[in-house]
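In: Sequence first, predicted model second:
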Amino acid sequence: MESVSHVPVLRDAVLEGLAVRADGFYVDGTFGRGGHSRAILERLGPEGRLLAMDRDPEAAASAEALADDPRFAFEAGPFSTMADTLRRRFPERGPDGVFLDLGVSSPQLDTPERGFSFQHDGPLDMRMDPASGESAADWLARADEGEIADVIYHYGEERHSRRIARAIVAARAEAPITRTAALAEIVRRAVPKREPGKHPATRTFQALRIFVNRELAELEQWLATIPDVLMPGARLVVISFHSLEDRMVKQALRKPVSDVRLPKGLPVMPEEPERKLRPVGKPVHADREEQRINPRSRSAVLRVGERL
């Protein structure tokens, strides 16, 4: 996630977490508008390499500005395919560090035509890749009330999910819900009490975006597959913006590969399941100055892991 001026969130903490070496090989799985990638490139020497990925076609267009840099390569696609992409494009060695900046970028939020934000009226789309999958408007038009309530509750952690779902179903019976402003107003009227400093539609829009883009499934697949292509000692750095993502990253850094629970008291104990990752340091948050400059950094949590 980047600020309006495209300043990358927790820039210095990302570089420190990756332990960027001049001759290293790194992967930025969420290129966005390239803020973090450019920061990594500044640390790389002539022998260094950076692969960037993103499924947003506008990010791919932004990456063309770096096309003349021989150290840089770009792959269009979701970060969940990173392990397969690395095996295909760089079979000779794994990366020394991989990075994800989860969630939605400021250019996406600030472009009404993308339909991510309730602060700007636009078509209710929300797809990070507009050519893939079903838009939020199309899904809301066909989903039943229970499905809508479950998505808003589980992905938005919204306690008024059933009330909001009822309001959506009632409103679409009168007219299709195709605009962000229309949905935001439906939610505003349905929520009896708003959180201080938060628009009533914040959690609903978050939930729909996560669901439409399969964000948690993408992260789950990445966490399960990326350790196998990392070099020993390689760093994994992830910035999360809400508790669901952060919890998944935290658990992946602490749990063994197998979830088998070994019985106590056996005469010969089986070997403990192999661990592939370990956490490095404590979670990092933006300081007050960064939060002042970039309000969207307030909810950012950075975690670092290392390949064992």
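Out: Ah, there it is. Numbering: from 1, shown residues only.

In: C-alpha from now on. contacts and neighbour counts both.
Out: Will do.

In: for the longest helix along the chain, what is the average pLDDT?
Out: Counting residues, the longest helix found in the chain (DSSP state H) is helix 161-174. Helix 161-174 carries an average pLDDT of 98.

In: Show me what the next helix or strand after that helix is in contact with.
Out: Under the assignment DSSP states H and E, the closest C-terminal helix or strand after helix 161-174 is helix 180-190. With contact meaning Cα atoms under 8 Å, 6 or more residues apart in numbering, helix 180-190 is reached by 115-124, 163-164, 167-168, 171, 177, 199-201, 204.

In: Now helix 180-190 - C-alpha only, CSV.
Out: The C-alpha trace of helix 180-190 is given here as CSV (Å, rounded to 0.1, in the frame of the first residue of the first chain):
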residue,chain,number,x,y,z
THR,A,180,-19.7,2.6,-5.0
ALA,A,181,-21.6,5.6,-3.7
ALA,A,182,-24.9,3.7,-3.8
LEU,A,183,-23.4,0.8,-1.8
ALA,A,184,-21.8,3.1,0.8
GLU,A,185,-25.1,4.8,1.3
ILE,A,186,-27.0,1.5,1.8
VAL,A,187,-24.4,0.5,4.4
ARG,A,188,-24.5,3.9,6.1
ARG,A,189,-28.2,3.7,6.6
ALA,A,190,-28.1,0.0,7.8
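
In: Now do that helix against helix 161-174, angle only.
Out: 130 degrees (axes from the mean of the first three to the mean of the last three Cα atoms, to 10 degrees).

In: Give me the buried stretch members for helix 180-190, please.
Out: For helix 180-190, burial by neighbour count (16 or more other Cα atoms under 10 Å) applies to 180, 181, 182, 183, 184, 186, 187, 188, 190.

In: again, but for stretch 45-56
Out: 48, 49, 50, 51, 52, 53, 54, 55, 56.

In: same deal with stretch 166-185?
Out: 166, 167, 168, 169, 177, 178, 179, 180, 181, 182, 183, 184.

In: if we can go back for a sec, spatially, which two of the buried residues of helix 180-190 are the most separated?
Out: 180 and 190 (15.5 Å; Cα to Cα).

In: Relative to the whole chain's centre, how far out is the helix or strand of the chain with the lowest mean pLDDT?
Out: Every helix and strand in the chain was compared by mean pLDDT, DSSP states H and E; the lowest is helix 106-109, with a mean of 80. Centre-to-centre, helix 106-109 and its host chain are 13 Å apart (Cα atoms, centre = their mean, to the nearest Å).

In: what's the following helix or strand after it?
Out: Moving toward the C-terminus from helix 106-109, the next element (DSSP H and E) is helix 136-142.

In: buried stuff in that following helix?
Out: 136, 137, 140, 141.

In: what's that helix packed up against?
Out: The contact analysis (3 or more Cα pairs under 8 Å, 6 or more residues apart in numbering; DSSP states H and E) places helix 136-142 against helix 202-212.

In: Restrict the helix it packs on to CA atoms and write it as CSV.
Out: Presented in CSV, the C-alpha positions along helix 202-212 are these (Å, rounded to 0.1, in the frame of the first residue of the first chain):
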residue,chain,number,x,y,z
THR,A,202,-15.2,0.6,5.7
ARG,A,203,-15.5,-3.0,6.8
THR,A,204,-18.0,-3.9,4.1
PHE,A,205,-15.8,-2.6,1.3
GLN,A,206,-12.8,-4.3,2.8
ALA,A,207,-14.7,-7.6,3.0
LEU,A,208,-15.9,-7.5,-0.6
ARG,A,209,-12.5,-6.6,-1.9
ILE,A,210,-10.8,-9.5,-0.1
PHE,A,211,-13.5,-11.9,-1.3
VAL,A,212,-13.6,-10.7,-4.9
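
In: in the stretch 201-308 of the chain, what spans have low per-residue confidence?
Out: Within the stretch 201-308 of the chain, the stretches with pLDDT under 70 are 256-273.

In: Please, where are all the strands along it?
Out: 235-240, 277-284, 301-307 (DSSP state E, counting those that start in this stretch).

In: and the ones you listed as TSV, adding distance to residue 249?
Out: What follows is the strands of the stretch 201-308 of the chain, written out as TSV (distance: least, Cα to Cα, whole Å):
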stretch	distance to residue 249
strand 235-240	8
strand 277-284	10
strand 301-307	8
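
In: Export the ones you listed to TSV and append columns for mean neighbour count and distance to residue 106.
Out: Below are those laid out as TSV (neighbours: other Cα atoms under 10 Å; distance: least, Cα to Cα, whole Å):
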stretch	mean neighbour count	distance to residue 106
strand 235-240	25	15
strand 277-284	16	21
strand 301-307	23	17
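
In: Residue 255 is nearest to which of the ones you listed?
Out: Short answer: strand 277-284, nearest of the strands of the stretch 201-308 of the chain by Cα to Cα, at 8.2 Å.
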